[in-house]
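just to be clear, the model below is a prediction. Sequence and coordinates:
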Amino acid sequence: ERPDHPYLFPDVSFHQRCLRALKTETVYNPCTCNGRHVSGAKTPMKRSESRILTTHTGSLPRSPELQELLRSRLDPKAGEAEEFRTGVDEGVADVVAKQVEIGIDVINDGEQGRVQYATYVKDRLTGFDGEQLLRARPRKDMLDFPEFAAQSGVSSSATIPWPACTGPIEWKDKGAVQRDIERLKAATSGVQSEEVFMTAASPGVIANFLVNEHYPSDEAYLYALAEVMKDDYKAIVDSGLLLQIDCPDLAMTRITQFSDLSEEEFIKVVEMHVEVLQYALAGLAPDRMRLHLCWGNTEGPHHYDVPLREIVNIVLKAPPQAISFEGANPRHAHEWKVWENAKLPDGKVIIPGVLDTTTNFIEHPELVAERIVRYAGVVGKENMMVGSDCGFGTSAWGRRVESRIAWAKLEAMVEGARLASKELW
């Protein structure tokens, strides 16, 4: 038996669907895998047992050549596919080698083959064949400072045209994730790292960028996405890779998609998005998954960001064992204090960002170490690893941090973790 799809079975209430999902698939206990049909439960996620482990959020700088190949994917031409595949293969091999050289512990493919971290799914799914337009919603914080918004001028996800969802969502290229998995496994074969992860977009963040013009409600659209994307999530976990599910929708959309709502109304949206995640991730081992949330990888005011304290307990109900979040930028660096009062469930791991991914300042390793020791003092050193606030290439040519500086920042993180480990152990 499977939980009913809300669009196909509209007579089933939202509450009933959630309860049925919990009963028929798995129990959402982040510390155990006592539900039926659990995938990927054999090897638990690596933890900081003898030193602080390092990772990052997912996207890494791409070469100018690969950027141009990705630009061509916005309007693909016949005969370009082989050149594109070769370029991505080379890009992934390159970023894997760089991560290993620097000494990052938990590595990935740098999202080298994706134009953008969420909208890549439009090429894999049906329903996104409509006109491509600039669909970015104004950021509420930028409206208060139009002069800054006018002069920022950085290419980003907001300046790339995307289609809307104009038809039923089904698989068009179900094998794409397997090709990604095989490419990453080939690139990491024989290299030394603690673990390898792969990112995948959550239903909520897909819905933020690829707006709904087909389904009768936001909830129906999210569940339609979850019904299909759950296959990708399972494929990644079953492959032995760690799944990182990207969920900026749990915070970022407060000042974009849902800027018209009150904070209380937005909290209800977050609760619904987490319930959709529970459905999409049902049956997968929590200790083979991590979740990333952020407030938008944008240099800007951010003065309307929802505070972490208001959403943290809801986010912790999501199945993934580890939670990655921004902890370095000036708007959220103080929120390490939230963990003094938030109850971290047994077995859960936090991955605070110790690098600001919107500035070209290179953090001093001693500052990184200070941040690590501060978090360790609150949640325990074994219950954390560290990463970056967000990605260094969330869209292919929307880089805010210069490529070589991005790698230098990651080097500083590794050195800072070494210094902190020396103090903590």
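Great, that's in hand.

can we go C-alpha only for contacts and neighbour counts from here?
Noted.

show me where this protein has strands.
106-107, 195-201, 242-246, 289-292, 322-325, 349-352 (DSSP state E).

can I get those strands in JSON lines including mean pLDDT?
Compiled in JSON lines, the strands of the chain are given as follows (pLDDT from 0 to 100):
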{"stretch": "strand 106-107", "mean pLDDT": "98"}
{"stretch": "strand 195-201", "mean pLDDT": "98"}
{"stretch": "strand 242-246", "mean pLDDT": "98"}
{"stretch": "strand 289-292", "mean pLDDT": "98"}
{"stretch": "strand 322-325", "mean pLDDT": "98"}
{"stretch": "strand 349-352", "mean pLDDT": "98"}
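
I'd like those strands laid out as JSON lines, including distance to Leu133 and mean neighbour count.
Formatted as JSON lines, these follow (distance: least, C-alpha to C-alpha, whole Å; neighbours: other C-alpha atoms under 10 Å):
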{"stretch": "strand 106-107", "distance to Leu133": "34", "mean neighbour count": "23"}
{"stretch": "strand 195-201", "distance to Leu133": "21", "mean neighbour count": "22"}
{"stretch": "strand 242-246", "distance to Leu133": "24", "mean neighbour count": "26"}
{"stretch": "strand 289-292", "distance to Leu133": "27", "mean neighbour count": "26"}
{"stretch": "strand 322-325", "distance to Leu133": "30", "mean neighbour count": "26"}
{"stretch": "strand 349-352", "distance to Leu133": "35", "mean neighbour count": "25"}
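
now the ones you listed in JSON lines, with distance to Val95?
Converted to JSON lines, the strands of the chain look like this (distance: least, C-alpha to C-alpha, whole Å):
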{"stretch": "strand 106-107", "distance to Val95": "9"}
{"stretch": "strand 195-201", "distance to Val95": "13"}
{"stretch": "strand 242-246", "distance to Val95": "18"}
{"stretch": "strand 289-292", "distance to Val95": "20"}
{"stretch": "strand 322-325", "distance to Val95": "21"}
{"stretch": "strand 349-352", "distance to Val95": "21"}
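
ok, Gln321 - contacts?
30-31, 286-291, 347-349 (C-alpha atoms under 8 Å, 6 or more residues apart in numbering).

now it: how far from Ser239?
18 Å (C-alpha to C-alpha, to the nearest Å).

now swap in Ala207 and tell me
26 Å.

more neighbours, the two?
Ala207 (21 against 15; other C-alpha atoms under 10 Å).

per-residue pLDDT, the residue nearest to the more buried one when sequence neighbours are not counted?
Leaving out its chain neighbours, the residue that sits closest to Ala207 by C-alpha to C-alpha, 6 or more residues apart in numbering is Leu222, at 6.9 Å. According to the prediction, Leu222 has pLDDT 98.

next one: the one 3 residues further on
According to the prediction, Leu225 has pLDDT 98.

wait, it touches Pro203, no?
Yes: using C-alpha atoms under 8 Å, Leu225 is in contact with Pro203, at 5.5 Å.

out of the two, which sits in the busier spot?
Shown here are Leu225 and Pro203; by other C-alpha under 10 Å, Pro203 has more neighbours (27 against 22).

distance of that one relative to Gly300?
For Pro203 relative to Gly300 (C-alpha to C-alpha), the value is 26 Å.

for this protein, what helix or strand is lowest in average pLDDT?
helix 14-24 (a mean of 43; mean pLDDT, DSSP states H and E).

can you list the low-confidence ranges for the protein?
Applying pLDDT under 70 to the chain flags the ranges 1-42, 74-79, 134-137, 152-159, 397-399.

if we go to 80?
Along the chain, the model assigns pLDDT under 80 to residues 1-42, 72-80, 130-142, 147-161, 299, 302, 394-400.

quick check: closest non-adjacent residue to His214.
Thr166 is the one closest to His214 (C-alpha to C-alpha, 6+ apart), at 4.9 Å.

so what's the residue count around the one you found?
Based on other C-alpha under 10 Å, the number of other residues close to Thr166 is 18.

wait, it sits on Leu125?
No: Thr166 is beyond contact range of Leu125, at 11.8 Å (criterion: C-alpha under 8 Å).

and stretch 316-336, what's buried?
The neighbour-count check on stretch 316-336 (16 or more other C-alpha atoms under 10 Å) flags 316-329, 331-333, 336 as buried.

how many neighbours does Pro64 have?
Count around Pro64 with other C-alpha under 10 Å applied: 11.

quick one: Arg71 from Asp105, how far?
In terms of C-alpha to C-alpha, Arg71 sits 31 Å off from Asp105.

Ala328 contacts Cys390, correct?
No: look at Ala328 against Cys390 with C-alpha under 8 Å: they stay out of range, at 10.0 Å.
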